[in-house]
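1. Got a predicted model here, sequence first, then my questions.
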Amino acid sequence: MEAPTDADLIAAHRAGDQRAFGELAGRYRSRMWGIAVRMLNHPEDAADVVQEALVAAYRRAGSYRGEASVRTWLHRILVNACIDRIRHEQRRVVVPFPETEPPALRPDMAGELVTRLAVVDALAALPVAQRAAVVLVDVQGWPLDEAAGILDVPVGTVKSRCSRGRARLAVLLGHLREEEA
């Protein structure tokens with residue numbers, strides 16, 4: 001038996017199936033968290049926003065019109081929740097540390113950590129709209145048309161936001177190239 005499609009699951013949820021939305025959320029939760037953590041730069045905030053987005057989607061399932069895929073609809077709710085969080089909270093400085101012991105075989109762990117922190121800080125310095133576009137397209141690998149659907153803007157707007165964001169990142173991270181030389 002084939003697994004139900006996303007559209008089947010949303011329809012089943014609307015019809016009262018208690019398990020359908022849980023299955024749908026399970027399909028996308030980890031990917032949603034990946035987007036949220038890169039946009040918010042804080043794992044706990046990301047977890048909260050994913051939870052808020054899934055609750056909002058659960059409650060708004062009746063208003064889903066099917067104009068976009070269920071996946072795009074869920075991610076649009078998530079990105080909007082991330083943008084709301086960014087706009088309403090004071091910026092926090094968080095230094096992420098690995099949760100497990102690093103392998104001893106990697107010779108330049110300190111350099112890698114410095115680079116990772118620089119990239120995280122640079123992403124956080126981008127305007128929210130550029131950060132959302134860069135995270136979706138360049139970090140998560142979404143196609144431009146799907147990122148445009150999630151952000152609810154034309155494809156050209158996503159391209160220009162990515163271009164401006166990349167240019168800003170190049171300036172903010174230019175010192176990393178100089179260190180390699």
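-> Received the coordinates, thanks. Numbers count the residues shown, from 1 in each chain.

2. Any stretches of this protein with poor pLDDT?
-> 90-111, 178-181 (pLDDT under 70).

3. mind giving me the domain ranges of it?
-> 1-92, 103-181 (automatic domain parsing).

4. Adding mean neighbour count, write these out as a markdown table.
-> Any C-beta I mention is one placed from the backbone N, CA and C, and that applies to glycine too. A markdown table is the format used below for those (neighbours: other C-beta atoms under 10 Å):
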| stretch | mean neighbour count |
| --- | --- |
| domain 1-92 | 17 |
| domain 103-181 | 16 |
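
5. Any idea which residue is closest to the centre of this protein?
-> The residue lying closest to the centre of the chain (C-alpha atoms, centre = their mean) is residue 35, at 1.5 Å.

6. Touching, that one and residue 82? I think so.
-> Yes. Applying C-beta atoms under 8 Å, one finds residue 35 in contact with residue 82, separated by 7.4 Å.

7. Tell me the secondary structure of the residue nearest to residue 66 when sequence neighbours are not counted, please.
-> Counting by C-beta to C-beta, 6 or more residues apart in numbering, residue 66 lies nearest to residue 7, which is 7.1 Å off, once chain neighbours are set aside. Three-state call for residue 7 (DSSP: H, G, I helix; E, B strand; the rest coil): helix.

8. Looking at this structure, which helix is longest?
-> helix 20-40 (DSSP state H).

9. Now find how far off-centre the helix or strand that comes right after that one is within its chain.
-> Reading on from helix 20-40 to the C-terminus, the next helix or strand found by DSSP states H and E is helix 43-60. Its chain's average C-alpha position is 12 Å from that of helix 43-60, according to C-alpha atoms, centre = their mean, to the nearest Å.
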